[in-house]
Every structure is written in C-alpha cells, then in structure tokens.
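Asks: Okay, here's the prediction I keep looking at, along with the sequence it came from:
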Amino acid sequence: MVVRGYAWAPCGIARVEVSADGGDTWQPARLMADLGPHAWRQWEWIWEATAGAHVLAVRATDTAGATQPASIAYNRQGYLMNAIERIRVGVLPA
C-alpha cells in the first residue's frame, strides 16, 4: 500500500518519516521532486500493511534540522500548531 502526503517548512524539507505504530518506530519516506524552497514537498511511503488497527503518524524535518515535536502547548488561537498528527486506521484482511 502506498501512503502519500505533503510537507512544508519555510526553509524547505530535508526528511519525512512515517510510523505505523503511533510513533514508537519511524521509517523514512521517499521525497518527491523539490519544486523550490517555498513549495510543498510531496512524499510517499510503501507500507507493508497487516490486518488490524494501526495508528499512522508522520513527522518532517526541515533543512535547518528542526523536526516536528510530538506535542506543543495549547493556545487558544491555534498559532504554531506544528505537532505530529496521528490517525487511527483499520486494515481489513485480504
């Protein structure tokens, strides 16, 4: 199964990693064409999905070396919301 997405940072994206276990382990995603320092960067990850419940998470690292944090302090306006998002998915048996 191919999982795809986009990442963005003001100075560009250096690396994207994906987790299928909620962030316990991380695997590198393949970055697609670099369309410039201010463009979104598409990525894709080949997932050998197994049947059952999974929690997918993605984190990006920019060219300055900053990686998305696991969580951030809440603020009412939602500014600087840059934490790793997690999504629960279910895979049906083949």
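Replies: Noted; the coordinates are in hand.
Asks: so how far does stretch 18-33 reach from one end to the other?
Replies: Criterion CA to CA, to the nearest Å; first-to-last residue distance in stretch 18-33 is 18 Å.
Asks: My read is that residue 6 contacts residue 39, right?
Replies: No. With contact defined as CB atoms under 8 Å, residue 6 does not reach residue 39; the gap is 9.5 Å. For glycine as for every other residue, the C-beta is placed from the backbone atoms N, C-alpha and C.
Asks: in the protein, which strand has the most residues?
Replies: Assignment by DSSP state E gives strand 52-62 as the longest strand of the chain.
Asks: Give the buried residues for that strand.
Replies: For strand 52-62, a neighbour-count test (16 or more other CB atoms under 10 Å) marks 54, 56, 57, 58, 59, 60, 61, 62 as buried.
Asks: The last one bridge partners, please.
Replies: For residue 62, the beta-bridge assignment (DSSP bridges) gives partners residue 13.
Asks: contacting residues around it?
Replies: Residue 62 makes contact with 9, 10, 11, 12, 13, 14, according to CB atoms under 8 Å, 6 or more residues apart in numbering.
Asks: got it, and residue 21?
Replies: Contacts of residue 21 (CB under 8 Å, 6+ apart): 54, 55.
Asks: quick one: it and residue 6, what's the gap?
Replies: Separation of residue 21 from residue 6 (CB to CB, to the nearest Å): 22 Å.
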